[in-house]
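J.: Everything below, folded, please.
(chains A, B, C, D, E and F)
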6 protein chains.
Amino acid sequence: MNFIGADASFGDSRLVLFGAPYDSTTSFRPGARFGPAAMRMESFGIETFSPYQDADLEGVSVHDAGDLELPFGGAEPVLAMIEEKTREILDAGKTPVMLGGEHLVSLGAVRAVASKFPDLHIIHFDAHADLRLDYLGNPLSHACVMRRCHDILGDGRIRQFGIRSGTKEEFAFMTAGHVRTERHSCVTLPDFSLPEGTPVYLTVDMDVLDPSEFPGTGTQEAGGLQFRELLAALLDVFARFNVVAFDNVELAPQIDPTGRSTALACKLLREELIAFSTHNP
Amino acid sequence: MNFIGADASFGDSRLVLFGAPYDSTTSFRPGARFGPAAMRMESFGIETFSPYQDADLEGVSVHDAGDLELPFGGAEPVLAMIEEKTREILDAGKTPVMLGGEHLVSLGAVRAVASKFPDLHIIHFDAHADLRLDYLGNPLSHACVMRRCHDILGDGRIRQFGIRSGTKEEFAFMTAGHVRTERHSCVTLPDFSLPEGTPVYLTVDMDVLDPSEFPGTGTQEAGGLQFRELLAALLDVFARFNVVAFDNVELAPQIDPTGRSTALACKLLREELIAFSTHNP
Amino acid sequence: MNFIGADASFGDSRLVLFGAPYDSTTSFRPGARFGPAAMRMESFGIETFSPYQDADLEGVSVHDAGDLELPFGGAEPVLAMIEEKTREILDAGKTPVMLGGEHLVSLGAVRAVASKFPDLHIIHFDAHADLRLDYLGNPLSHACVMRRCHDILGDGRIRQFGIRSGTKEEFAFMTAGHVRTERHSCVTLPDFSLPEGTPVYLTVDMDVLDPSEFPGTGTQEAGGLQFRELLAALLDVFARFNVVAFDNVELAPQIDPTGRSTALACKLLREELIAFSTHNP
Amino acid sequence: MNFIGADASFGDSRLVLFGAPYDSTTSFRPGARFGPAAMRMESFGIETFSPYQDADLEGVSVHDAGDLELPFGGAEPVLAMIEEKTREILDAGKTPVMLGGEHLVSLGAVRAVASKFPDLHIIHFDAHADLRLDYLGNPLSHACVMRRCHDILGDGRIRQFGIRSGTKEEFAFMTAGHVRTERHSCVTLPDFSLPEGTPVYLTVDMDVLDPSEFPGTGTQEAGGLQFRELLAALLDVFARFNVVAFDNVELAPQIDPTGRSTALACKLLREELIAFSTHNP
Amino acid sequence: MNFIGADASFGDSRLVLFGAPYDSTTSFRPGARFGPAAMRMESFGIETFSPYQDADLEGVSVHDAGDLELPFGGAEPVLAMIEEKTREILDAGKTPVMLGGEHLVSLGAVRAVASKFPDLHIIHFDAHADLRLDYLGNPLSHACVMRRCHDILGDGRIRQFGIRSGTKEEFAFMTAGHVRTERHSCVTLPDFSLPEGTPVYLTVDMDVLDPSEFPGTGTQEAGGLQFRELLAALLDVFARFNVVAFDNVELAPQIDPTGRSTALACKLLREELIAFSTHNP
Amino acid sequence: MNFIGADASFGDSRLVLFGAPYDSTTSFRPGARFGPAAMRMESFGIETFSPYQDADLEGVSVHDAGDLELPFGGAEPVLAMIEEKTREILDAGKTPVMLGGEHLVSLGAVRAVASKFPDLHIIHFDAHADLRLDYLGNPLSHACVMRRCHDILGDGRIRQFGIRSGTKEEFAFMTAGHVRTERHSCVTLPDFSLPEGTPVYLTVDMDVLDPSEFPGTGTQEAGGLQFRELLAALLDVFARFNVVAFDNVELAPQIDPTGRSTALACKLLREELIAFSTHNP
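T.: The predicted model follows:
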């Protein structure tokens, strides 16, 4: 079963979707492993047409490569498989779109993308800073993923929005200027720009949304973004930046028995796929 | 068990409530059949007094006629029963208030009302356009109800608010001017008017609300109205238009285990009953 | 996504699975439409090996034809599509295995099978008699499906087990000898036989199981069979009768938040597929 | 809304149902207050015909007097209202059937019944002994209800079945012979008898059932009775004893999201009403 | 298990947390008794650092005294135990912080605080007025708690925010000037002041929040405050008023299966503890 | 918060409880990490007295050492911490009782116990064989735990009961005699014995129970043991074998919204603690 409208063959596609159903390092409530499968199944409850962009997913050539078959437990083999898959898509001249899984999966993709685009920047939407050095001694935890990306990219390459939770040390790391962070919201996005053509990895931890709109995630943080705000921000990102790969992570569908988190995630992905296609014709 | 405060006899009543517990054509998640019963039961958790209108439901003469006993399966006999019930209420000089059930039930009521008021207009709050010609070959589907109403009323008689989902064809139908639609919100309502006395059927698919406030519905669409917005809009409708019948549909209570969708639906109905009574003393 | 192990092509297969996701006539709690999709998804949580039969589903050639795309609402077009699909499978010399959906879908399949095998008998496991003449005036309701089959097959062709709910009229119909029924259990199955080679349609309404083991169904009836009893009975049916088609119906997965009903349904189907294969090598 | 089939007027009735929706002293998980309303609503999902007794509830004259409007908090006013209602029914020559609510409500009914029938005995099905002197200092707790009944009736008048939880002191109280108790099951019921005509109050705390069949109760105790066992036992009680009043308590419907506990409770009540009627024509 | 960061001994502490797990007078859906335990357990899912105040709970000396062991049933003994506990904390020169439980528990604390601070004022956030004279004859109900506080404090001492539900009589009581109430929101808080040093009891019924953000409460009222609004308001209260005791009540965690209500309650308490500490160094 | 009755200090204790809240290798539905905390909290809903053994947990000296603080992700550091904790308890001359967590945690404990008792045998109750060589390449998966124990202990040391799921290879491994397995039930336990004094590690994967009684586990397998059967078997094990350490694993409490799985797990542990104490006075 493909995500709705993602009917292109690999060869014909411009965008390649794949799932990374891993959540072994989740520290609070696991379940993000079920995100990609739930999105595929529930995607048939939404329309392919976007009344926000007056465009239809039917016109976008997306291939759904299914889910990676990832072992549970330690992260290193998992990250290697994700890195390899991402590289394979990039090498074919296509754009990878990864569905998590917990946020740590982004590290695998970023390794491949940064290797191809050494001047890579990251635009990061999240409720959590994810900048810990380690979590209970484990440096490969979802709570450390942006710190590991910083290890690769260095200072000044990561721009965060919506952050409203972290340790004293993580906030000190921001304040020291290693990354640039807007707390609680994304109103400063319009003022943020990069030199034209700078390659950008866009990573959206969907818990950046307010839990009232997106309860289906492991660690909910009150005081988040509204769907309309996030959608507007993402459309802006695709319009003004050179997004070379992107991911949506941390949907844990079974935490939300009403199913609306999965429905929202499907709609968000539809809008991103259409927006990418509009700006990368 | 009556809806709270709906204690008048049929003879003494000004408004007549009835339930239409049908959901057989629901294409995604059924359950709207349980809406009317849930509302009656949970209505005892709200007060009869409205701090929004400084008025009390106790002073409004409402009769609760209970639920129609509708067969499940094909829609035609169901629509006929609804049409007959609506006509009976209208013929007694009273105002019908229908509780769905899925949105298709509105068609039965509109048939009766349009037959009595040939210049009928519809004000329609919904997340979905409901303007399909047919759904998998079935013209009597909840996804087609406004198109069927258009078949009866013709161009220019349907005014939609809050619409944020539909096919390319449905949006083209709007753009072609057959119906007038505001997408995503209802901020243009204050600018909408009709010649004084024009009879209006008001239909509220409660999924027009944001799923964060009203998750208890079959097809949730992110990016919806807030309760406060919808309430203000409905009070405006009752104040400025000649509402001759109205309905609230698509509460599927068991989809929301917290119960707040049903509580909200009860409160909304209380406000509508009071508002109608205030403007139709 | 196929049911686990159902990897054969149509051409190579001996058994052909298909889903009939329809539940529009369900009189109490709908949701059986989600049964087939849930079974496919959750089937990856079970093993392909059966410790009951010491055999593996991997050795059985099953094709999963996916779900029929059925319109919701009136039953007649739905039954026609099911009948056609069943006939197509039979005409290819393969054995149809249908996953409901509500029990009414069995009628479509029985129409096709009885047309090919005029001396068809039905073995029927269910909590409910399903022998009503009509339900609220509708003769095509899930509560009438065995009566409609009786219309086709006539007296003495339907053998029921586990029945523990019905109207006075339905039980009178049994007592009058039109069908043969064991109430509450299936202990008389070993004593039941048919002339060798008699074609049998096996229909299993999984609510025949006790709700403690199978709560995920619309109308739960206490006092039912245990999984072990039902499994033993079904293995006996496949061993001693000429099953030419079979179905499992009335799993409504979302009614059971623990997921064990779907897991049980997957396991039951695995056992049936293996048993059929063993006895029809 | 009446319980299904309970359509007689008070005057014409032989049995009078009423609800006692109180649960303020529940020590673990409250919610039994919602039991009677849930039973009325869900009773329309069962049939009126009993295949166990080959008889129909339609032939039994039951009046449903609705729920008492009980204040939450301290128990004494609540017990007084229950006692008065029970007395009123007895004084009219009818048989009271109370639906709890928590088990403490039985005390109010027993007070009225014991006052009319001084030689009253109690037959008690329960997982819990309910024989505490007090619970955290409160003598009017659901954990003390049988001890309070013992205060009224004295030694040798209470016969318990299915008990599998209690304090050391409660079990010592049994062992000392104040009450007669069968632990874990009810296999000794056939050997228990009373002088003919002895008036019996039958109280069924439905948590006597195994939690696999009846999870919808506040304090679940593994290792309980099966529905079939309890049903057989209750039919035996009605056949051999002079039941002058009875109750079913401790259904907390929202604890069981599958709804099967409520369905079972409805079926059990149907069987009791029919059995009473058969033996008290 | 303590609330996160509440590791101080009683002797070393400045603030003393205790739980009052009572909900026997809850008129609609009980369960607030489980609030304090759920908060302690889930508090380990939040960080101790506040990005709102740039401060850490680690620096605040809080003792968690655990839960009072309260009997269920009548309220008077419960209120006495709460009063005594509150007095004990005040007498030790520390500030009591109570976690409900239903709102009635505030009465016990207010009795003790008003006895020590005779010029006490109350700042009250709530969806419900809680000003009834009695509820079904019971003056000690959660629906009457502010009226009982008014009995103690008299006119002009209670300031309410966010109120959006009550009877005609309760709103008349406000209008008559006995208490001062802002309906629906708290925008007038900045204009409200008291003579410097006036002792204030702050009571937060968390159902003042919109049910979309805080569904885990017994009686949800649409149209409430957002978390950000309430947080800003509470920070303002701690900054400008002399808060001598405070409570957060009416979290009923099991009503919200997503768990976000408990997470929000933990975060709110963290912010209050830090804010108190900042302004009472 | 201790498990009920586990109030002894480490020094005074005979048995030492600890939790191992790890579930990172769970292949299907995670959540066993929440098992120990849920058991502690819910244990206050059961009594300390056992009507099965006529004895009270109050007389048993148990220390509750709380939960290990385990990192999520790769298993090796986790197993090392469990091994160390187990060794520490054994070295103090006390008996370790571990609460999982997923079944892999047993490997850590078995390492320590086998090192102290080289002739160790394992008695293993489970629905799943857990004898895979590896799972998707990972040898440290919960699906491999008994195979890893076999690596340590060798042939003929592991006795399994209740097994009803596994791969063809796993069942071949049993048949080849490496371990001795009873499928589906535990009726052969009375015939199983070991030389007197042989040290036994008892490991109970609670999914050996039927999912009707114990749905709260990640991979439910129909056709399991009843509570009464398992309890009788465990009492027999403690009576006839020299149990030197034991564990109960795979309770995933949030999968069972009725809470009865956790209640059952508490009761089972109570019985085990009392039984151990009776036979090791």
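J.: Quick check: residue A:136 vs residue A:181, distance?
T.: Taking Cβ to Cβ, to the nearest Å as the criterion, residue A:136 is separated from residue A:181 by 24 Å. Every C-beta, even on glycine, is put in place using the N, C-alpha and C of the backbone.
J.: okay, the two: which has more neighbours?
T.: Counting neighbours by other Cβ atoms under 10 Å in any protein chain shown for residue A:136 and for residue A:181 shows that residue A:181 has the greater number, 24 against 14.
J.: ok but that one is inside a strand, no?
T.: Yes - if the criterion is DSSP: H, G, I helix; E, B strand; the rest coil, then residue A:181 is within a strand.
J.: surely it meets residue A:160?
T.: Yes - Residue A:181 lies in contact with residue A:160 (Cβ atoms under 8 Å); the separation is 4.2 Å.
J.: what's the overlap in contacts for these two?
T.: Common neighbours of residue A:181 and residue A:160 (criterion: Cβ atoms under 8 Å, 6 or more residues apart in numbering or on different chains): A:129, A:174.
J.: element containing residue A:169, please.
T.: Assessed by DSSP states H and E, residue A:169 sits inside helix A:168-175.
J.: oh sorry, the question was meant for residue A:84
T.: Assessed by DSSP H and E, residue A:84 sits inside helix A:76-91.
J.: just checking, what packs against that helix?
T.: strand A:15-20, strand A:95-100, helix A:105-116, strand A:242-249 (3 or more Cβ pairs under 8 Å, 6 or more residues apart in numbering or on different chains; DSSP states H and E).
J.: Chain C: which of those is closest?
T.: Nearest to chain C among the helices and strands packed on helix A:76-91 is strand A:15-20 (12.1 Å), distances taken as Cβ to the nearest Cβ.
J.: how far out from the middle of the chain is the closest one?
T.: With Cα atoms, centre = their mean, to the nearest Å as the basis, strand A:15-20 stands 11 Å off its chain's centre.
J.: Please name the strands paired to that strand in the sheet, noting orientation.
T.: strand A:62-67 (parallel), strand A:95-100 (parallel) (DSSP bridges).
J.: Give me whichever of these is most buried.
T.: strand A:95-100 (a mean of 26; mean count of other Cβ atoms under 10 Å in any protein chain shown).
J.: Quick check: residues of chain A near chain B?
T.: Residues of chain A lying close to chain B (Cβ under 8 Å from any Cβ of the partner chain) are A:45-49, A:51-52, A:54, A:56, A:210, A:212-213, A:227-228, A:231, A:257-260, A:263-264, A:267.
J.: Return the distance of residue A:244 relative to residue A:236.
T.: Remark: distance between residue A:244 and residue A:236 (Cβ to Cβ) = 17 Å.
J.: Equivalent analysis for residue A:137, please.
T.: Residue A:137 sits 39 Å away from residue A:236, going by Cβ to Cβ.
J.: between these two, who's got more neighbours?
T.: Ranked by neighbour count (other Cβ under 10 Å), residue A:137 and residue A:236 place residue A:236 first, with 15 against 10.
J.: Which stretches in chain A count as helices?
T.: Residue ranges of the helices in chain A, as given by DSSP state H, are A:35-42, A:76-91, A:105-116, A:145-153, A:168-175, A:227-240, A:260-279.
J.: so who does whichever residue of chain A sits closest to chain C touch?
T.: Residue nearest to chain C within chain A (Cβ to the nearest Cβ): residue A:1, separated by 5.0 Å. The contact partners of residue A:1, taken as Cβ under 8 Å, 6+ apart, are A:40, A:41, C:1.
J.: Redo those residues as JSON lines? Include distance to residue E:116 and pLDDT.
T.: Shown next, in JSON lines, are the contacts of residue A:1 (distance: Cβ to Cβ, whole Å; pLDDT from 0 to 100):
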{"residue": "A:40", "distance to residue E:116": "62", "pLDDT": "96"}
{"residue": "A:41", "distance to residue E:116": "60", "pLDDT": "93"}
{"residue": "C:1", "distance to residue E:116": "67", "pLDDT": "78"}
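J.: Report how far apart the opening and closing residues of stretch A:198-217 are.
T.: Separation of the first and last residues of stretch A:198-217 by Cα to Cα, to the nearest Å is 31 Å.
J.: what's the offset of it from the middle of its chain?
T.: Chain-centre distance of stretch A:198-217: 7 Å, with Cα atoms, centre = their mean.
J.: quick one: buried residues of that stretch?
T.: For stretch A:198-217, burial by neighbour count (16 or more other Cβ atoms under 10 Å in any protein chain shown) applies to A:199-217.
J.: same question, stretch A:169-189
T.: Burial within stretch A:169-189, assessed by neighbour count using 16+ other Cβ under 10 Å, is assigned to A:170-171, A:173-174, A:178-179, A:181-186, A:189.
J.: got the end-to-end distance for that stretch?
T.: So stretch A:169-189: terminal residues 25 Å apart, Cα to Cα.
J.: Is any residue of that stretch near chain E?
T.: Yes - Stretch A:169-189 lies within reach of chain E by Cβ under 8 Å from any Cβ, at A:171, A:183, A:184.
J.: Throw those into TSV and include pLDDT, thanks.
T.: Output for the residues of stretch A:169-189 next to chain E, formatted as TSV (pLDDT from 0 to 100):
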residue	pLDDT
A:171	98
A:183	98
A:184	97
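J.: and of the residues you listed, the nearest to residue F:32?
T.: residue A:171 (33.2 Å; Cβ to Cβ).
J.: Contact partners for residue A:130?
T.: Contact analysis of residue A:130 by Cβ under 8 Å, 6+ apart lists A:103, A:124, A:142, A:143, A:144, A:145, A:146, A:147, A:205.
J.: Quick check: closest non-adjacent residue to the residue of the stretch 51-200 of chain A found nearest chain E.
T.: The stretch 51-200 of chain A approaches chain E most closely through residue A:168 (4.7 Å), counting by Cβ to the nearest Cβ. If the residues on either side of it in the chain are set aside, residue A:168 comes closest to residue E:49, at 4.7 Å by Cβ to Cβ, 6 or more residues apart in numbering or on different chains.
J.: how many neighbours does that neighbour have?
T.: 23.
J.: so it bridges to which residues?
T.: residue E:56.
J.: quick one: it from chain F, how far?
T.: Per Cβ to the nearest Cβ, to the nearest Å, residue E:49 is found 19 Å from chain F.
J.: Can you read off the pLDDT for residue A:202?
T.: Looking at residue A:202, its pLDDT reads 98.
J.: Contact partners for residue A:55?
T.: Contacts for residue A:55 (Cβ under 8 Å, 6+ apart) come out as A:49, A:274, A:277, A:278.
J.: List buried residues within those residues.
T.: Here, 16+ other Cβ under 10 Å leaves A:49, A:274, A:277, A:278 buried among the contacts of residue A:55.
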